[in-house]
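[1] Pasting the sequence and the predicted coordinates here, then a few questions.
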Amino acid sequence: MKNIPVIMIIFGGSGDLAHRKLYPALFNLYEQGLIHDNFAVIGTARRPWSHEYLREQVIDAIHETHDQVDENSAKDFASHFYYQSHDVTNVDHYETLKKLAQDLDDRYNAQGNRLFYMAMAPRFFGTIATHINDQHLTGSGFNRIVVEKPFGRDLASAEKLNKQITASFDEDEIFRIDHYLGKEMVQNILPLRFTNPLIKNIWNKDNIKNIQVTLAERLGVEARGEYYETSGALRDMVQNHIFQIITLLAMPEPKSISSDAIHSAKQELLDSLIIPTSEQIKHEFVRAQYAGSDTTFAYKKEPKVSPDSTTETYVAGKVKFTKGPVAGVPIYFRTGKEFKEKKNRIDIVLKHMNNPYGKAHSNNITIEIDPKSKIYITINGKKITESGIRREDLTYTFSKEELAKVPDGYERLLHDVFINDSTNFTHWSELKRYWSFIDAIEDEWQKENEEGNELLQYVPYRMGPVEAKRIFESPTEHWIYE
Ligand code: BG6
């Protein structure tokens, strides 16, 4: 692997994301030689840490995520880390940061390349972007910026943030990260669709009855109440992860697998996204909050959550496009906290076909993303000793050894940033469409809140509210995963 010279500046270097995800992922890339001699990382945050303390934290992060660690290698890697105490609103601090970056560039021969990573609370993204521009933090080589989600809170705030970032970076230098796009089975959707004639030929509105996307979590909001209150399930999971998955499922075949071709196929689809009307939102979207029958356990009782909160922890709804192979086919989705189990899966539900044997199953295709990675297709055959049809699944799966080799999503996506491949990142034009859809729903819900409508509740560790059934277009439709 080619050694890429770069000075990386992480805003949020003392945070949870850096510790749990970025440092271990960078270590793996270091061990593979992608970043090696000519790189340094500056971790910034408000806390008064020293370089030494950050390096200890980096080594701890590696130990926490790796079974076996070569201590010398971990130490060498950590020696590339520098800490800069930083207040994101203080102009002088950016001057100090700029100087440190330049000194390190000279020392490590990083050729003026800069990679900025926004890994702190999203409310600071705009301020940081403005200062990167005003204090000229970009280098003389390549400049790239990775922006964590959420990218804005609605279309207007996303537009404002985008303007602040594009003051210093071109669209092809901005990497809006969505960790779902780094998941093995999400990356498997396009090859599955386009390399198998068996699948490609039935992937259309004539054969597919509906598509179902479920992102269910066993956990609640934990310690993230403060953030979650500003977000809710719709902004937290649908605006990004669910929409990206739906886009991959519904987009037309790209002309090639280049980043440009894939993004242009995505855009062609998204231009035809139907924004639901107020009436449709009332019937086709269901939001709810978890609340145990024992009143001590409920979302409203979580730390930093308002006792009158109207924030949804569950949402189910429907997406439709007017173009693409599944134009007009309902794509149902649901996501929620405190579900029966962690389960991220996609079900492609095929239409029934009359046959001389009578009752048979549809050849549904299921893609399990988490916690297992597998694909299975339902197949009908004859029963052995009695008459009738039996159902079996044809399964595509991985061996333990293969699974052990699957890189973490962050490692994969950071690798892509280093090699300048934006295939698995969200483009601004896509994000705009997603926000237009989300805004329509949020506006309607806001009106309902003002009218004093009560939010539905659902019992934890089950399958969400039964009312979610109402989103189906016909009585013959139901959730395949129940
Ligand atoms: C994050 C959300 O983007 O995705 C979290 O902010 C959620 O609320 C998480 O828990 C789920 O990711 P994963 O990879 O565990 O399914």
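    Cool, the structure landed. Numbering: from 1, shown residues only.

[2] Would you mind confirming that R144 is in contact with D421?
    No: the criterion here is Cβ atoms under 8 Å, and R144 misses it with D421 at 11.2 Å. Quick note: C-beta positions are derived from backbone N, CA and C, even for glycine.

[3] For stretch 314-330, buried residues please.
    By 16 or more other Cβ atoms under 10 Å, the buried positions in stretch 314-330 come out as 314-321, 323-327, 329-330.

[4] secondary structure class for the residue in the chain that the ligand sits nearest to?
    The nearest approach of the chain to the ligand comes at D236, 4.8 Å away (Cβ to the nearest ligand atom). At D236 the chain is in helix, as set by DSSP: H, G, I helix; E, B strand; the rest coil.

[5] Need the mean per-residue confidence for the lengthiest helix in the chain.
    When the chain is parsed with DSSP state H, its longest helix is helix 428-450. In this model, helix 428-450 carries a mean pLDDT of 97.

[6] Against which helices or strands is that helix packed?
    Contacts defined by 3 or more Cβ pairs under 8 Å, 6 or more residues apart in numbering; DSSP states H and E place helix 428-450 against helix 155-166, strand 174-176, helix 243-250, helix 259-270, helix 278-284.

[7] which other residues reach the fourth one?
    Among residues not part of helix 259-270, those counted as contacts by Cβ atoms under 8 Å, 6 or more residues apart in numbering are 190, 247, 250-255, 321, 323-324, 421-423, 427, 429-430, 433-434.

[8] what comes up buried for that helix?
    259, 262-266, 269-270.

[9] try stretch 275-285
    So for stretch 275-285, counting by 16+ other Cβ under 10 Å, buried means 276, 280-281, 284-285.

[10] Of those residues, which fall within the contact range of the ligand?
    Filtering the buried residues of stretch 275-285 for neighbours of the ligand using Cβ under 6 Å from any ligand atom leaves an empty set.

[11] Pull up the residues of this structure that are close to the ligand.
    217, 236, 344, 370.

[12] Quick check: end-to-end length of stretch 106-113?
    This stretch, stretch 106-113, spans 11 Å end to end (Cα to Cα, to the nearest Å).

[13] Now that stretch: buried residues?
    For stretch 106-113, the neighbour count (16+ other Cβ under 10 Å) marks 108, 110, 112-113 as buried.

[14] What is the distance between that stretch and the centre of its chain?
    Distance of stretch 106-113 from its chain centroid, counting by Cα atoms, centre = their mean, to the nearest Å, is 32 Å.

[15] could you give the mean pLDDT of it?
    Mean pLDDT, stretch 106-113: 98.

[16] likewise stretch 384-400?
    Rounded mean pLDDT across stretch 384-400 is 94.

[17] got it, and stretch 235-243?
    Mean pLDDT, stretch 235-243: 98.

[18] where does this structure dip in pLDDT?
    The chain contains residues with pLDDT under 70 at 295.

[19] Do I have it right that D347 meets I211?
    Yes: D347 lies in contact with I211 (Cβ under 8 Å); the separation is 7.2 Å.

[20] More neighbours: those two, which one.
    Comparing D347 with I211 by other Cβ atoms under 10 Å, the one with more neighbours is I211, at 22 against 18.

[21] Is that one bridged to anything, and to what?
    I331, I348 (DSSP bridges).

[22] What of the one 4 residues further on?
    Partner residues in beta bridges with L215: T335, N344, with DSSP bridges as the criterion.

[23] For it, which residues are in contact?
    Contacts for L215 (Cβ under 8 Å, 6+ apart) come out as 237, 241-242, 333-335, 344.

[24] Next, format these as JSON lines and append neighbour count.
    Below are these laid out as JSON lines (neighbours: other Cβ atoms under 10 Å):
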{"residue": "M237", "neighbour count": "21"}
{"residue": "H241", "neighbour count": "23"}
{"residue": "I242", "neighbour count": "25"}
{"residue": "F333", "neighbour count": "24"}
{"residue": "R334", "neighbour count": "26"}
{"residue": "T335", "neighbour count": "25"}
{"residue": "N344", "neighbour count": "23"}
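
[25] Pull the most distant pair out of those.
    H241 and R334 (12.5 Å; Cβ to Cβ).

[26] can you give me the strands for the stretch 301-450 of the chain?
    Counting by DSSP state E, counting those that start in this stretch, the stretch 301-450 of the chain has strands at residues 314-319, 331-336, 343-350, 365-370, 374-382, 389-396.

[27] Helices along the stretch 1-150 of the chain, start to end?
    For the stretch 1-150 of the chain, applying DSSP state H, counting those that start in this stretch gives helices covering 16-17, 23-31, 51-65, 71-78, 91-108, 125-134.

[28] Please identify the most buried of these.
    Of the helices of the stretch 1-150 of the chain, the one with the most neighbours on average (mean count of other Cβ atoms under 10 Å) is helix 23-31, at a mean of 22.

[29] That helix - contacts with which helices or strands?
    helix 51-65, helix 71-78, helix 409-418.

[30] do you know which of these lies nearest G464?
    Of all these, helix 409-418 sits nearest to G464, with 25.2 Å by Cβ to Cβ.

[31] what's the angle between the closest one and helix 23-31?
    Calculated by axes from the mean of the first three to the mean of the last three Cα atoms, to 10 degrees, helix 409-418 forms an angle of 50 degrees with helix 23-31.

[32] Just give me the neighbour total for V6.
    The number of residues packed near V6 is 25, by other Cβ under 10 Å.

[33] Kindly state the beta-bridge partners for it.
    Beta-bridge pairing for V6 (DSSP bridges): F39.

[34] Same question for the one 5 residues further on.
    With DSSP bridges applied, F11 shows beta-bridge pairing to T44, M118.

[35] I'd say it and Q84 touch.
    No: counting by Cβ under 8 Å, F11 stays clear of Q84, with 10.1 Å between them.

[36] Could you count how many residues lie near G292?
    16.

[37] which ones are touching P48?
    Contact analysis of P48 by Cβ under 8 Å, 6+ apart lists S85.

[38] Leaving out chain neighbours, which residue sits closest to K372?
    T397 (7.9 Å; Cβ to Cβ, 6 or more residues apart in numbering).

[39] so what's the one you found up against?
    Applying Cβ under 8 Å, 6+ apart to T397 gives the contacts 372-375.

[40] Mind checking which of the residues you listed are buried?
    373, 375.

[41] Y357 and K383, how far apart?
    11 Å (Cβ to Cβ, to the nearest Å).

[42] okay, and the common contacts of the two?
    Residues within reach of Y357 and of K383 at once, by Cβ under 8 Å, 6+ apart, are I389.

[43] List the buried residues for stretch 441-450?
    Neighbour counts over stretch 441-450 (16+ other Cβ under 10 Å) mark 441-442, 444-445, 448 as buried.
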